[in-house]
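Colleague: Quick one: sequence plus predicted model below, questions after.
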Amino acid sequence: MTASQPFSEPISEPFSEPIEMVPHLSGCPYAAYARLREAGGVHQAVKPSGGQVWVISRHADVKALFSDPRMSIEARNSRHGYQGFGLPPALDEHLMNVDDQAHARLRRLVSSAFTPRRVEAQRERVQAAVDRLIGTIAPNGHADLVAELAAPTPVVVICGLLGIPESDGAAFQAYTRSLMTPNDPNRPATGDLVAGLHTCLVDLIERKRAEPAEDLLTAMITARDGDDRLSENELTSLAFLILWAGFETTVHLIANGIATLLSEPRLADLVREEPDPHTPRMAALVEELLRRDGPMLTAIRRFPLEDLRIGEQVVPAGETVLLAIGSANRDPRYITDPDDVDPDRAASGHLGFGPDRAASSHLGFGHGPHYCLGASLARMEVRTALWTAIHRLPNLTLAIPEQDLPWKLDHRQHALTALPVTFTTEAA
């Protein structure tokens with residue numbers, strides 16, 4: 001199987017463990033996930049690197065563990081010496097690597113950038129960026145919407161928040177996307193990528209110190225130099241996390257969302273009926289896309305601080321645990337008809353995603369203390385991109401059969417590597 005093939009291989013009979021995460025739990029592993037849930041929901045698997053992990057697949061278990069204080073996110077609590085990407089402290093001392101008070105402290109320093117008021121203030125900037133990108137491709141009649149819409153949109157948004165040039169954001173995105181493809185034989189060595197990332201961030205921070213402004217990066221620098229004494233490693237690590245998380249999740253959510261709309265014409269018709277990207281119905285649609293076709297198959301690893309009974313299994317302290325968001329969000333114990341995208345679930349009496357429930361039902365952005373800080377911003381970007389693409393690109397359709405869409409062969413991400421489309425040309 002190549003990275004361009006669309007679906008994971010089914011788990012072979014008999015059901016045996018540890019399961020190979022690539023290919024069995026990668027790409028579009030939803031049939032395999034269903035088998036995991038039915039066979040107890042807690043299973044051992046092995047990553048391509050050879051590291052063994054526990055995969056938790058049922059919604060109730062995953063949601064509970066997101067908030068369980070006995071589940072640590074800190075690698076020092078791994079009894080097997082977990083290394084991950086092996087990033088140096090200058091890139092690794094951020095929100096997704098610390099627990100409790102250390103996490104709360106860092107979160108406070110950046111949370112002001114993602115308030116509803118600040119997100120709302122970005123609406124016109126996001127719409128203008130999407131309009132510009134679509135205006136560029138509209139005369140062509142064809143496009144790869146990953147490369148030409150989904151990938152560049154978050155660059156504009158995150159760079160605007162941080163107060164950095166878009167060219168720097170694009171360079172950073174190239175580094176991070178290479179880092180996320182460790183099995184690509186043509187990518188630079190991991191050490192070279194990490195060194196390049198670090199140099200890029202240090203340069204950005206030094207330039208921002210020389211030319212401060214009303215932006216998030218300046219605020220973070222000020223916090224470091226003020227009473228809170230954010231360390232230099234924390235500063236570069238937080239900038240790294242905001243850039244990485246702000247790019248990767250949103251890129252794949254936009255691409256996955258458009259692919260779903262084009263694969264299910266009733267959903268594209270729904271979007272055509274909406275007068276703008278920010279109606280309640282558009283919001284409900286995006287929540288369903290997040291639930292069924294979200295970009296993250298598994299959350300960042302956790303480590304039990306003590307032996308934990310999860311379902312019928314006891315997971316020993318210090319083991320590596322992966323919470324399978326992609327499985328939990330399709331668990332029929334949690335939601336009726338989980339494989340359907342139904343924006344009207346609340347109205348029909350099923351478990352749904354009305355405005356009062358959007359943040360608490362599905363697990364697309366996590367749950368508990370590590371719930372995604374940029375969730376509101378990502379939702380707004382996705383609504384804008386989906387609505388504008390459907391309205392601005394007449395007769396938008398997939399250029400290849402749905403079953404031939406190229407999904408990344410990765411146990412972490414449900415991510416398209418390309419989204420080739422055709423449409424009726426429009427004068428620029």
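Modeller: Arrived safely.

Colleague: Going by C-alpha atoms from here, please, whenever you check contacts or count neighbours.
Modeller: OK.

Colleague: so where's the stretch 51-200 of the chain shaky on pLDDT?
Modeller: For the stretch 51-200 of the chain, the stretches flagged by pLDDT under 70 are 81, 83-86, 180-184.

Colleague: could you pull out the strands for it?
Modeller: In the stretch 51-200 of the chain, the strands defined using DSSP state E, counting those that start in this stretch lie at 52-56, 71-72, 142-144.

Colleague: for the shortest one, the distance to its chain's centre please.
Modeller: Spelled out, it's strand 71-72. In terms of CA atoms, centre = their mean, to the nearest Å, the gap separating the centre of strand 71-72 from the centre of its chain is 21 Å.

Colleague: just to revisit the earlier point, which one of the strands of the stretch 51-200 of the chain lies nearest to residue 322?
Modeller: strand 52-56 (4.9 Å; CA to CA).

Colleague: Identify all contacting residues around that closest one.
Modeller: Contacts with strand 52-56, where a contact means CA atoms under 8 Å, 6 or more residues apart in numbering, come from 18, 41-47, 62, 315, 319-324.

Colleague: hmm, 10 Å instead?
Modeller: By CA atoms under 10 Å, 6 or more residues apart in numbering, the residues outside strand 52-56 that reach it are 18-21, 25, 33, 36-37, 40-47, 62, 65, 80, 298, 301-302, 310-311, 315, 319-325, 327-328.

Colleague: in its sheet, what does that strand sit against?
Modeller: strand 42-46 (antiparallel), strand 321-323 (parallel) (DSSP bridges).

Colleague: could you dump these to TSV with distance to residue 272?
Modeller: Output for the strands paired with strand 52-56, formatted as TSV (distance: least, CA to CA, whole Å):
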stretch	distance to residue 272
strand 42-46	42
strand 321-323	36
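
Colleague: Residue 321: what's it in contact with?
Modeller: Shown in contact with residue 321 (CA under 10 Å, 6+ apart): 42-45, 52-56, 65, 71-73, 78, 298-304, 315.

Colleague: of those, buried ones?
Modeller: Buried members of the contacts of residue 321, scored by 16 or more other CA atoms under 10 Å, are 42-45, 52-56, 65, 71-73, 78, 298-304, 315.

Colleague: quick revisit: ok, which of the strands of the stretch 51-200 of the chain comes nearest residue 111?
Modeller: With CA to CA as the criterion, residue 111 lies closest to strand 71-72 of these, at 21.4 Å.

Colleague: so what secondary structure elements neighbour the closest one?
Modeller: helix 59-67, strand 303-304 (3 or more CA pairs under 10 Å, 6 or more residues apart in numbering; DSSP states H and E).

Colleague: So what touches it?
Modeller: The contact list for strand 71-72, computed with CA under 10 Å, 6+ apart, reads 65-66, 77-78, 97-100, 301-306, 308, 317-318, 321.

Colleague: mind redoing it with 6 Å?
Modeller: The contact list for strand 71-72, computed with CA atoms under 6 Å, 6 or more residues apart in numbering, reads 302-304.

Colleague: Among the contacts of strand 52-56, the buried ones, what's the ChimeraX command?
Modeller: Of the contacts of strand 52-56, the buried ones can be selected in ChimeraX as follows, counting by 16+ other CA under 10 Å:
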select :19,20,21,25,33,36,37,41,42,43,44,45,46,47,62,65,298,301,302,310,315,319,320,321,322,323,324,325,327,328
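
Colleague: For my notes, confirm residue 209 occurs in a strand.
Modeller: No. According to DSSP: H, G, I helix; E, B strand; the rest coil, residue 209 belongs to no strand; its state is helix.

Colleague: ok, it - how many residues close by?
Modeller: Using other CA atoms under 10 Å, residue 209 has 14 other residues around it.

Colleague: Next, the buried residues of stretch 194-201.
Modeller: Applying a neighbour-count criterion of 16+ other CA under 10 Å, the buried positions in stretch 194-201 are 194, 197-198, 200-201.

Colleague: One more: stretch 26-37?
Modeller: For stretch 26-37, burial by neighbour count (16+ other CA under 10 Å) applies to 26-34, 36-37.

Colleague: among these, which two are most distant?
Modeller: Greatest spacing in these, by CA to CA: 27 and 37 (17.8 Å).

Colleague: pull the longest helix from this protein.
Modeller: Under DSSP state H, the helix in the chain containing the largest number of residues is helix 232-263.

Colleague: next structured bit after it?
Modeller: helix 265-273 (DSSP states H and E).

Colleague: on contacts alone, who are the packing partners of that following helix?
Modeller: Under the contact definition 3 or more CA pairs under 6 Å, 6 or more residues apart in numbering; DSSP states H and E, helix 265-273 sits against no other helix or strand.

Colleague: Output the buried residues of stretch 194-201 in JSON lines, with distance to residue 341 appended to each entry.
Modeller: Shown next, in JSON lines, are those (distance: CA to CA, whole Å):
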{"residue": "194", "distance to residue 341": "39"}
{"residue": "197", "distance to residue 341": "38"}
{"residue": "198", "distance to residue 341": "41"}
{"residue": "200", "distance to residue 341": "40"}
{"residue": "201", "distance to residue 341": "39"}
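
Colleague: Out of those residues, which is nearest to residue 207?
Modeller: Minimum distance to residue 207 across the buried residues of stretch 194-201 is 9.9 Å, recorded for residue 201 (CA to CA).

Colleague: give me the element that closest one is part of.
Modeller: helix 190-210.

Colleague: tilt between that helix and helix 232-263?
Modeller: If you take axes from the mean of the first three to the mean of the last three CA atoms, to 10 degrees, helix 190-210 sits at 110 degrees to helix 232-263.

Colleague: Determine the number of other residues adjacent to the closest residue to residue 262 other than its chain neighbours.
Modeller: The spatially closest residue to residue 262, leaving aside those adjacent along the chain, is residue 397, at 5.8 Å (CA to CA, 6 or more residues apart in numbering). Using other CA under 10 Å, the number of residues around residue 397 comes to 21.
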